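In: Sequence first, then the predicted structure, then my questions.
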Amino acid sequence: MVILLVDGDAQTRAARAALLRARGYELMEAGTADEAVRWAQGAAGINLLVTEVILDNGTFGFDLSDAIRERLPQMRTLYTTRYDLTGYEHELAGAVPVPVTAGDEDFLAVVEQVLNAPPSPVPVPPEVPAPERDQPTLAPGTMLGHYQVMSCLYSEPEAETYHAIQYTVQRPVALVLLKPHLLGDEQVVKAFKERERLKASISHPRIAPLYEAGEAGGLLYYTREMPLGRSLEQIAVAGEHFSERVLVDVLYRIADAMSYAVERGCGYRPLAERDVYVDAENQASIVNVFRPASGSPRDQSADVVSLLTLVAPFANQGKARGLLQDLGDKSHDWASLYARLDDIRHDMSERSLIRRAEDEDIAVAQPVSRQWLGWTIAIMFLGLVAWLGGLTGKGLQAPKTILKQEMIEIPAGPFIYQKGPPRYPNPNLKTFWISKYKVTIAQYAEFLAALKQGSPKAFDDQYQPETKITHTPPDWAAYYAAATADGLFNNEHISLNSPVCRVDYWDAVAFAKWRHQRLPTEKEWEKAARGFKGNLYPWGNEPKPGTANPGDDYLPNGTAGKQDGYNLWAPVDRAADDISPFGVVGMAGKVQEWTSTWDIHPELPDVKVPVLRGGHFGLKSNSEILTSRDFDYMPEAATLARGFRTASDVAPETLQHK
């Protein structure tokens with residue numbers, strides 16, 4: 001009997017290989033799928049392939065098995081796994097999976113069972129009884145194709161939509177499943193696949209793209225992007241509202257997406273609250289609700305009115321409600337609604353510029369005409385470009401008020417971690433240094449300038465994905481320009497001393513390497529924040545409203561916070577009493593921070609991600625703000641409420657300063 005054993009863990013592979021050879025099996029070992037395929041191409045025969053479901057390089061054992069079976073169709077396969085393989089019946093094709101934690105005797109028993117068992121038929125999905133069709137077909141944890149189901153989002157007459165994770169690239173997706181009891185209806189299946197093809201043909205930045213259409217375990221599905229932000233349904237539950245300006249921007253982007261698809265002949269279903277998403281920057285996007293056009297065209301005017309009615313509960317003031325009334329009084333299709341909202345946005349922008357000029361005593365006493373305003377804006381823009389151009393090749397000529405990095409020594413010794421013993425023994429960390437403030441926009445700008453002068457990948461982490469090709473945060477040009485001008489971004493004052501945000505884990509690691517430093521571990525971060533005695537807050541054990549920059553006064557569409565004076569992030573040196581016993585500033589608010597510690601995601605038991613620590617402007621203060629461990633679905637995730645600080649094992653004077 002010939003067995004091909006494929007496992008990326010050399011230690012596990014060696015132990016299992018010795019076990020199988022001791023039983024008299026002829027064995028070939030391989031560490032990767034490519035190595036296994038090369039060996040199989042020259043093999044006279046293989047009785048059994050033993051492979052992990054997901055190999056270290058992201059290759060699926062199912063694909064490896066299929067590739068070898070093209071040449072050796074009689075080969076059987078045994079999958080070792082740490083996953084729930086419900087939904088993989090078609091790929092398993094009768095094979096019996098064994099957990100990676102199985103003992104030696106259990107493992108050998110399954111090997112012999114697979115080798116000696118007769119071929120098993122491919123399971124057919126059972127017909128779902130009519131009374132049970134309202135129950136989700138897939139339970140949380142189910143694997144379907146390359147996806148693990150997290151939860152059912154909603155059910156429609158023909159399909160169910162789930163929140164799932166695509167393991168090969170570790171990204172959240174929406175998985176749309178055709179209900180199993182409809183698989184025998186050829187017309188329904190045909191229509192489902194036609195919708196897939198049309199959705200895949202749509203490419204627009206405000207429409208969630210279709211990723212993949214597939215079949216697994218006899219079930220038909222496709223996956224699409226999970227839009228950024230929260231759905232209107234979620235925003236409604238939170239009781240939040242939109243200002244007139246935000247409402248205009250949200251409607252403008254929806255109309256842009258709808259008119260784009262309609263102009264290309266697409267049909268669609270009406271938009272619902274769950275179909276419209278708004279992110280932290282009030283940028284709206286929609287679910288791909290498009291499908292082949294039916295015989296009778298939709299009444300676009302009626303659908304526009306339905307959209308206005310849908311968003312009406314989110315209008316928070318008279319101006320916003322008046323806007324909806326004015327739009328509803330006209331008979332708009334999607335294209336004319338888009339054009340009208342474009343005009344409104346343009347008028348708002350001009351009014352904002354005029355008000356700013358008047359506030360700064362720049363405006364002349366007479367009304368400003370559009371022509372003169374245009375010339376004024378052009379001259380101001382050219383002046384800004386010239387000023388920025390003067391910086392090129394000279395480095396950032398920061399004003400004297402720009403903060404430079406300061407490092408704080410955290411002495412060696414034990415400290416109270418989390419809630420302390422007995423569950424959390426007090427760690428005894430060696431001496432380290434951590435930056436006094438979070439990394440600022442100005443400091444990050446220096447880093448980006450250095451990358452332009454040298455190699456853009458010089459400081460990349462060895463595990464950084466190949467798809468990650470830049471360390472420039474989204475919208476960097478806009479918010480850096482606003483910070484340089486000491487102006488507004490997202491209706492909030494921003495300066496070069498504001499914390500850099502929208503940086504992902506790989507950005508933070510690269511910056512730290514450029515500084516000849518690193519990210520702090522989560523234990524180092526907590527010690528620096530709480531001191532030796534384990535304070536609940538940086539300043540002590542009693543709350544002090546307005547002290548830090550948390551989300552106690554945060555309004556998604558508001559301006560300056562009523563408690564701390566900032567709706568979003570405060571400058572990093574705006575300390576108040578948010579100072580730890582060691583003198584580290586801002587750990588209870590402003591932006592959350594990346595650490596170098598990776599751990600299992602609480603909702604994804606087989607996925608490790610970097611741990612996030614600290615409070616931020618959107619998170620209400622609480623007694624666990626310095627001990628809470630937060631997780632995102634992937635290290636590439638970046639938000640307005642996320643930044644970082646750096647750490648070092650050596651004193652600042654020994655570092656090679658930039």
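Out: Here it is on my side, so go on.
In: Now do stretch 291-303, average pLDDT.
Out: Mean per-residue pLDDT for stretch 291-303: 82.
In: I'd like the next helix or strand past the helix or strand of the chain with the lowest mean pLDDT.
Out: Least confident helix or strand, the chain: helix 370-391 with a mean of 44, by mean pLDDT, DSSP states H and E. Using DSSP states H and E, the helix or strand that directly follows helix 370-391 along the chain is strand 407-410.
In: so what secondary structure elements neighbour the helix or strand following that following strand?
Out: Next in sequence after strand 407-410, counting helices and strands by DSSP H and E, comes strand 413-414. Using 3 or more Cβ pairs under 8 Å, 6 or more residues apart in numbering; DSSP states H and E, the elements in contact with strand 413-414 are strand 428-429. Any C-beta I mention is one placed from the backbone N, CA and C, and that applies to glycine too.
In: Show residues contacting the following helix or strand past the strand it packs on.
Out: Going down the chain from strand 428-429, the next helix or strand is strand 432-435, by DSSP H and E. With Cβ atoms under 8 Å, 6 or more residues apart in numbering as the test, strand 432-435 has contacts from 405-410, 520, 524-525, 528, 584, 645-652.
In: and if you look at stretch 98-105?
Out: With Cβ under 8 Å, 6+ apart, stretch 98-105 has contacts from Thr12, Leu19, Glu52, Leu78, Tyr79, Thr80, Thr81, Arg82, Asp106, Phe107, Val110.
In: Quick one: buried ones out of these?
Out: Buried by 16 or more other Cβ atoms under 10 Å: Leu19, Glu52, Leu78, Tyr79, Thr80, Thr81, Phe107, Val110, out of the contacts of stretch 98-105.
In: Filter those down to the ones in strands?
Out: Among those, DSSP state E puts Glu52, Leu78, Tyr79, Thr80, Thr81 in strands.
In: Let me know the closest of those residues to Leu341.
Out: Closest approach to Leu341 among those (Cβ to Cβ): Thr81, at 51.2 Å.
In: Quick check: closest non-adjacent residue to that closest one.
Out: Take Thr81 and drop its neighbours on the chain: the residue closest to it by Cβ to Cβ, 6 or more residues apart in numbering is Val53, 4.4 Å away.
In: And that neighbour, what's its pLDDT?
Out: For Val53, the predicted pLDDT is 75.
In: My guess is it contacts Asp63. True?
Out: No. Applying Cβ atoms under 8 Å as the test, Val53 and Asp63 come out as separate, 10.6 Å apart.
In: Looking at those two, which has the bigger crowd around it?
Out: Applying other Cβ atoms under 10 Å to Val53 and Asp63 shows that Val53 carries more neighbours, namely 20 against 13.
In: I'd like to know how far the more buried one sits from Tyr79.
Out: Distance of Val53 to Tyr79, given as Cβ to Cβ, to the nearest Å: 5 Å.
In: Tabulate the ones in strands among the buried ones among the contacts of stretch 98-105 in a markdown table, adding columns for distance to Trp514.
Out: Below are these laid out as a markdown table (distance: Cβ to Cβ, whole Å):
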| residue | distance to Trp514 |
| --- | --- |
| Glu52 | 37 |
| Leu78 | 47 |
| Tyr79 | 43 |
| Thr80 | 41 |
| Thr81 | 40 |
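In: quick one: contacts for Lys75?
Out: Check again: residue 75 is Met, not Lys. By Cβ under 8 Å, 6+ apart, Met75 lies in contact with Gly45, Ile46, Asn47, Leu48, Leu49, Ser65, Ile68, Arg69.
In: Give me the spatial nearest neighbour of it, chain neighbours excluded.
Out: Ile46 (4.8 Å).
In: Pull the number of nearby residues for Thr32.
Out: 16.
In: I'd say it and Gly8 touch.
Out: Yes. Using Cβ under 8 Å, Thr32 makes contact with Gly8 at a distance of 6.7 Å.
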